[in-house]
Structures are given as C-alpha cells and as structure tokens.
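Undergrad: Can you look at this prediction? I've put the sequence above it.
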Amino acid sequence: QVQLVESGGGLVQAGGSLRLTCAKSGRTFTTYNMGWFRQAPGKERDFVAVINWNGGSTIYADSVKGRFTISRDNAKNTVYLQMNSLKKPEDTAVYYCAAGGWGTSDRDYDYWGQGTQVTVSS
C-alpha cells in the first residue's frame, strides 16, 4: 500500500512563491516516478510536472515551464514542487501528488494524495 500526503498549500499573492511537499509512505519510494497535477473548480485535473525515480528526468506542462521546479529527496521519501512567479487565476487549484506513472495523463498514475489548496490572490 502506498500513501501520499501533500502539504505546503495556502494563500499567496500573485508573483509570490510556494513550495509543495508530498511525503510518501509504504512501498519503496525509489521505485516510483512522482508527479503533480492540479484541478481548478469546474475544470478537469491537469498535469503539472513529473520526475522519474532517480530525479534524472523531468517533464513540465508548458503553462508552468520556467516557473515551477519538481524535485525529490529519496532519502526522505519526499517530492517537492517549487512554484515561483505564481499567477492569478491560472495557478489557483487543488494540487495533487501522484505516484507510479509517467507522462501527462492522470490515468497513468496508480496512487494519489488528498490534495492541497493553492490560492493566488491579486
């Protein structure tokens, strides 16, 4: 069994930064690629970023390239999403951590966290 717990969301002004954290427990962390998705109210869940098991490869959505950085610390069983230059309203969403997939489709991922709210204000 794999459990994912996100933290670090909150209210931030446009142009500001937040770092999201996803802590994984259960099966060996290093065997999983880890991703971040987000879902705004009334919209589908969208891909944000993914990092492979050893941190050597990443993919980003075009909308966050150059602003967001995904990273992982396998010693801590943790993946991070550093979000800079946050924009209103496009970055406001519930952000979900996911494990076990690779690519931009949420159907490819096996495990999900409960989500953490990020709200960008003007």
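TA: Thanks, I have it. Numbers count the residues shown, from 1 in each chain.
Undergrad: In stretch 77-94, which residues are buried?
TA: Neighbour-count burial for stretch 77-94, counted by 16 or more other CB atoms under 10 Å, picks out 77-81, 83, 86, 91-94. For every residue, glycine as well, the C-beta is placed using N, CA and C.
Undergrad: swap that for stretch 91-104, please
TA: Judged by neighbour count (16+ other CB under 10 Å), stretch 91-104 contains these buried residues: 91-102, 104.
Undergrad: for stretch 112-121, same thing?
TA: For stretch 112-121, by 16+ other CB under 10 Å, it's 112-113, 115-116, 118-120.
Undergrad: Kindly present the residues you listed as a markdown table, with separate columns for distance to residue 16.
TA: Converted to a markdown table, the buried residues of stretch 112-121 look like this (distance: CB to CB, whole Å):
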| residue | distance to residue 16 |
| --- | --- |
| 112 | 26 |
| 113 | 23 |
| 115 | 20 |
| 116 | 16 |
| 118 | 11 |
| 119 | 11 |
| 120 | 8 |
